[in-house]
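Colleague: Sharing a model prediction with you, sequence too.
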Number of protein chains: 2
Amino acid sequence: MATIALDAMGGDFGPEVVLPAAVHVAKKNRDLQIILVGDEAVLRDSAKSQAIDLDRYFEIKHASEVVEMHEDPRHAVRKKKDSSMRVAINLVKEGHAQATVSAGNTGALMATAKFVLKTIKGIDRPAICTTIPSFGGHTHMLDLGANVDSSAEHLFQFAVMGSVLAEAVDNTREPRVGLLNIGSEDGKGNAQVKQANELIKTAPVNYIGYVEGDDIYTDKVDVVVCDGFVGNISLKTMEGVAKMIATMMREEFNRSLLTKLAGMIAWPVLNRFKKRVDPRRYNGASMLGLNGIVIKSHGGADVLSYANAIEIALLEIEKSVPEHIRECMEPLLEKAQVETQA
Amino acid sequence: MATIALDAMGGDFGPEVVLPAAVHVAKKNRDLQIILVGDEAVLRDSAKSQAIDLDRYFEIKHASEVVEMHEDPRHAVRKKKDSSMRVAINLVKEGHAQATVSAGNTGALMATAKFVLKTIKGIDRPAICTTIPSFGGHTHMLDLGANVDSSAEHLFQFAVMGSVLAEAVDNTREPRVGLLNIGSEDGKGNAQVKQANELIKTAPVNYIGYVEGDDIYTDKVDVVVCDGFVGNISLKTMEGVAKMIATMMREEFNRSLLTKLAGMIAWPVLNRFKKRVDPRRYNGASMLGLNGIVIKSHGGADVLSYANAIEIALLEIEKSVPEHIRECMEPLLEKAQVETQA
């Protein structure tokens, strides 16, 4: 049976969002056990005001502290030993849960998870991977900001982890892995990317070579690998463009009575389009490379978004994502060892 | 009087687009002199088939060769000494023109321009700067792919050049310059960005500190400075997202007779929105930092787009952009010299 520990205090809205989202997922998945981690009194108060029967659906694990959204990650690791985030991750470490979901401070979540769970052997740094809407359906992209100044070896590891994740959650064989670059010709790119290109050619993945920023949104590639600095800029660019387009469109439709009428008539079509790219359907980033499943929800996630993040955690449990990454890395480590001895 | 030399053979369509675009601009600007550079026979043939009276509007400068779109830039510099691109740049070098516009091979244009015109004293590498639609109007962004692995000093120079350009073409005082990063807090970013941040604080620009990928599309910043690798990925991401949204929207409106009808009714509104973000209005990237004005048009530019690139060249001539960059760099060079001697 799958068990997920939720950091019920994390995010901009805490239990106000986490509780109804958890109920939503629990109702759909009768075999799933959910542990709510947080200040028990606060959780019970919030449940009462939302008319949620906590004990019917959940187990409660009390945690007396909360990591603040802008707290220094090092401070959170060293001083907040009874935070809801830390206690939830401990539950994964101790085997009481297989996954945790948090909408809390990203840096603190990464630092705490790394400190408590440690990385899988052969993985130097965990990476943040999320799905991005694309014309073909969606693309997985990593790293999205956990690591800057990544080496070619790190990018190699990201390629392996991204491929395992895509294969597991999309149920596809040999997902196409591309390396983000500023051109597809061999001479293009910076030193880091050129080295990584040579290295990933030897990886046990279906490597298709360089891809460009616009390829992310096409049906050309399933997994896009990049340094966290570049990945974060690209992701934020996407968010910025989408927001600008949505705002401008709203402005144009609100210009006059006539345009408002046109907007009402076009609404079902626009709404259908909106659903296709709804960011809430994509909420839930995987922190890959850890001995356990850790899903980061957007801090401002609403109920639907947060429920999506829990469902990603459930899927990764069912597909044993960390175990598959371990299985992929083992022969590489053995090979490296043989080569070192030779 | 302003004179612009056009590489009439460059781009996917060559004279087929360059000629009518040049006529369009020439009619609007009676004081502008345009020199068409290219194979005279080809130009005359094209003009004839388009019913354009070449000698009425233009001066022709014959050039026997053409740089191919995928030609190695080094090959173009070394072997194509009579290419339309090279001859057009030579005209700027020799003072017969103040600016050149080309829709040809970007790498070759940059390499040839750098070789012939040389960089302004104090500028190590020219940068590619373009305007990007934003909610406030537009944002200038550089570098967009001319330089990868830029040092903090290079980013400092980009900040100065971008500020000069924005001040000149937007007619604003003290444009807000931001450094692209993955967070706005002081500890965020890679080594390159952290160093550049300290350095740009000392630059003669209105530096507002770090900006993120989504800020490019807001009214928060006028000039966004970044490494060419990051800038190119961000620009291509923008193009990819915009294309995906446009295609999906078209699909939704084409789904049935009813949605098509809704599309027809909403068309004036959608079209007005489209005009606001029309990429053709943003065509024409400046290669900044050279002793002369070089504008790169998109290879696939249509007549309207190419005309826009010519108008950017004209504006930069009127505003003496290279001279202003030189004036900005001079005191910095003197200061550096004094410090070295001290």
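Modeller: That came through, no problem.

Colleague: for the stretch 51-200 of chain A, what spans make up the helices?
Modeller: A:54-57, A:73-79, A:84-93, A:106-117, A:152-170, A:191-200 (DSSP state H, counting those that start in this stretch).

Colleague: Those into CSV, with extra columns for distance to B:Glu94 and mean pLDDT?
Modeller: In this view, the C-beta of every residue, glycine as well, is placed from N, C-alpha and C. CSV is the format used below for the helices of the stretch 51-200 of chain A (distance: least, C-beta to C-beta, whole Å; pLDDT from 0 to 100):
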stretch, distance to B:Glu94, mean pLDDT
helix A:54-57, 80, 92
helix A:73-79, 59, 94
helix A:84-93, 67, 98
helix A:106-117, 56, 96
helix A:152-170, 46, 94
helix A:191-200, 37, 94
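
Colleague: Out of the ones you listed, which is closest to B:Ala166?
Modeller: Among the helices of the stretch 51-200 of chain A, the nearest to B:Ala166 by C-beta to C-beta is helix A:191-200 (30.0 Å).

Colleague: what's that closest one in contact with?
Modeller: Here helix A:191-200 makes contact (C-beta atoms under 8 Å, 6 or more residues apart in numbering or on different chains) with A:150-153, A:155-156, A:159, A:177, A:179-181, A:186, A:189, A:207, A:209-210, A:225, A:227, B:149, B:229.

Colleague: and A:Asn232, how far is that from A:Ala191?
Modeller: As judged by C-beta to C-beta, to the nearest Å, A:Asn232 and A:Ala191 stand 20 Å apart.

Colleague: between the two, who's got more neighbours?
Modeller: Counted by other C-beta atoms under 10 Å in any protein chain shown, A:Asn232 and A:Ala191 do not tie: A:Asn232 has more neighbours, with 26 against 10.

Colleague: now that one, what's its secondary structure?
Modeller: Secondary structure, DSSP: H, G, I helix; E, B strand; the rest coil: A:Asn232 is helix.

Colleague: now stretch A:304-318, how far from the centre of its chain.
Modeller: 10 Å (C-alpha atoms, centre = their mean, to the nearest Å).

Colleague: now swap in stretch A:131-145 and tell me
Modeller: Averaging C-alpha positions (C-alpha atoms, centre = their mean) puts stretch A:131-145 10 Å from its chain's average.

Colleague: now the strands for chain A?
Modeller: Along chain A, the segments classed as strands by DSSP state E run A:3-7, A:33-38, A:58-62, A:99-102, A:127-134, A:137-142, A:176-180, A:206-211, A:223-225, A:285-288, A:293-296.

Colleague: before we move on, back to that, out of the contacts of helix A:191-200, which end up buried?
Modeller: Taking 16 or more other C-beta atoms under 10 Å in any protein chain shown as the criterion, what is buried in the contacts of helix A:191-200 is A:150-152, A:155-156, A:159, A:177, A:179-181, A:189, A:207, A:210, A:225, A:227, B:229.

Colleague: Low-confidence regions, chain A specifically.
Modeller: A:340, A:342 (pLDDT under 70).

Colleague: Quick one: residues contacting A:Val241.
Modeller: B:217, B:237-238, B:241-242.

Colleague: picking up where we left off before, among the buried ones among the contacts of helix A:191-200, which one lies nearest to A:Phe13?
Modeller: A:Asp227 (31.9 Å).

Colleague: That closest one contacts A:Val148, doesn't it?
Modeller: Yes: contact criterion C-beta atoms under 8 Å: A:Asp227 and A:Val148 qualify, at 6.7 Å.

Colleague: Look up how far chain B lies from the most centrally placed residue in chain A.
Modeller: Residue closest to the mean C-alpha point of chain A, counted by C-alpha atoms, centre = their mean, is A:Ala285 at 0.7 Å. Distance of A:Ala285 to chain B, given as C-beta to the nearest C-beta, to the nearest Å: 14 Å.

Colleague: excluding its backbone neighbours, what's nearest that residue?
Modeller: Leaving out its chain neighbours, the residue that sits closest to A:Ala285 by C-beta to C-beta, 6 or more residues apart in numbering or on different chains is A:Thr130, at 4.1 Å.

Colleague: Would you confirm that that neighbour contacts A:Leu235?
Modeller: Yes: the criterion here is C-beta under 8 Å, and A:Thr130 meets it with A:Leu235 at 7.4 Å.

Colleague: what sits in contact with each of these two?
Modeller: In terms of C-beta under 8 Å, 6+ apart, A:Thr130 and A:Leu235 are both contacted by the residues A:141, A:144.

Colleague: Of the two, give the one with the bigger neighbour count.
Modeller: More crowded of A:Thr130 and A:Leu235, by other C-beta under 10 Å: A:Leu235, with 23 against 20.

Colleague: Pull the contacting residues for the closest residue in space to that one that isn't next to it in sequence.
Modeller: Sequence neighbours aside, A:Leu144 is the residue nearest to A:Leu235 in space, at 5.5 Å (criterion: C-beta to C-beta, 6+ apart). Contacts for A:Leu144 (C-beta under 8 Å, 6+ apart) come out as A:127-130, A:228, A:231-232, A:235, A:285.

Colleague: could I get the residues you listed as JSON lines with distance to B:Ala5?
Modeller: Formatted as JSON lines, the entries for these read as follows, by distance: C-beta to C-beta, whole Å:
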{"residue": "A:Ala127", "distance to B:Ala5": "49"}
{"residue": "A:Ile128", "distance to B:Ala5": "49"}
{"residue": "A:Cys129", "distance to B:Ala5": "49"}
{"residue": "A:Thr130", "distance to B:Ala5": "48"}
{"residue": "A:Gly228", "distance to B:Ala5": "44"}
{"residue": "A:Gly231", "distance to B:Ala5": "41"}
{"residue": "A:Asn232", "distance to B:Ala5": "41"}
{"residue": "A:Leu235", "distance to B:Ala5": "41"}
{"residue": "A:Ala285", "distance to B:Ala5": "51"}
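
Colleague: any idea how far A:Lys61 is from the residue nearest to A:Arg44 when sequence neighbours are not counted?
Modeller: With sequence-adjacent residues excluded and distances taken as C-beta to C-beta, 6+ apart, A:Arg44 is closest to A:Leu54, at 6.5 Å. According to C-beta to C-beta, A:Leu54 and A:Lys61 sit 12 Å apart.

Colleague: Find residues that contact each of those two.
Modeller: Shared contacts of A:Leu54 and A:Lys61 (C-beta under 8 Å, 6+ apart): A:Leu36.

Colleague: what sits against A:Asp136?
Modeller: Actually, residue A:136 is Gly rather than Asp. Going by C-beta under 8 Å, 6+ apart, the list of residues near A:Gly136 reads A:218-220.
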